[in-house]
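Trainee: This is a predicted model, with the sequence first.
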Amino acid sequence: MSVLRSICKVSSLVLLAHSGLVVAQPLPSDRIQATGHGFTLIYNKAYYSGHSVQVEPRLTHEENGTDFPDGIAPERTKFSLVPIAPAFLKASPKWRHDGASIRFIPLKDRTVKDYAAAYPYFYKNRQSLETILKTKNFKVSVNHDLPDWNQGDCIQSIHAKAAIIETPWCVGLQYISTCLQEATQLDNDRLYYKFEGISRDQRFYISIEVPITHASLPLPAPGLESAASPIVESYFTRAEQTLNKYSDNSFFPTLQSFTELIQSLKTAK
């Protein structure tokens, strides 16, 4: 009977393939599919130990008042992943337990009269990203910022591994950065992988922020906090060039794993 069942199963798959229907492939054992609030993604268990999904509330410029513009955007879906520390940092008390985030932010909002006025910082950030994706020009100098939907009160000191990533569902810009309020040495406590993108149907802005590490860090810089601006800029230029020389797979998580994560993003059926 088991042989007969196997023959029937194979025959059914062949019939489905010839009929033009897509046969869903099972996920590899090291992958987890996360679904919630109309979106789905797949992540690698080698880098994340779990996930949660939540809806972040709308916050307009008017509702925020005179406070620092943090989180000014429409109601949005946030996937939070729990990062696993790489082997070379597991014994470090400084390992960051801040979660990795993937946000899907609507580019239309019927609850406000004027989208651009309600979310001015986010709207300008979207325009900046669209210009970069159109011109393919994302070369910037040290201490100038690339798109970040909700950048805090800090300056992006580096932009390593910058590249445009395209999938059938979205297109966007990736880069590795650190956002600092004052000059300090580059280390694994402040390094992030960023992806800022837009869905092909222009309905959603996608923002990914994940702690990323490299075994070569920190990059020592004694006295950088009090150094003159040319010395600080020279240090971060060298730091960016150094990270760019490393192979994509030498980071943790690897850049290939981020590409796979981005390729998995889509609206849930």
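Mentor: Nice, I can see it.
Trainee: any idea where the strands of this protein begin and end?
Mentor: For the chain, the strands defined by DSSP state E cover 31-36, 39-44, 48-56, 76-83, 100-106, 155-156, 160-166, 170-177, 179-180, 192-199, 204-211, 213-214, 251-252, 266-267.
Trainee: So which bits of the third one are buried?
Mentor: What that stands for is strand 48-56. For strand 48-56, burial by neighbour count (16 or more other CB atoms under 10 Å) applies to 48, 51. The way it works is simple: take the backbone N, C-alpha and C, and place the C-beta from them, glycine included.
Trainee: What of the second one?
Mentor: Neighbour-count burial for strand 39-44 flags 39, 41-44 (criterion: 16+ other CB under 10 Å).
Trainee: Format those residues as CSV; extra columns: pLDDT.
Mentor: Formatted as CSV, the buried residues of strand 39-44 follow (pLDDT from 0 to 100):
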residue, pLDDT
F39, 98
L41, 98
I42, 98
Y43, 98
N44, 98
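Trainee: out of the residues you listed, who's nearest T111?
Mentor: Distance to T111 across the buried residues of strand 39-44 (CB to CB) is lowest for F39, with 19.8 Å.
Trainee: Is the closest one bridged to anything, and to what?
Mentor: Beta bridges link F39 to G36, T267, judged by DSSP bridges.
Trainee: ok, so what distance separates it from T184?
Mentor: F39 sits 36 Å away from T184, going by CB to CB, to the nearest Å.
Trainee: Point to the residue nearest the middle of the chain.
Mentor: Nearest to the mean C-alpha position of the chain, counting by CA atoms, centre = their mean, stands I208 at 2.1 Å.
Trainee: Verify the contact between T267 and H37 for me.
Mentor: No: using CB atoms under 8 Å, T267 is not in contact with H37, being 10.1 Å away.
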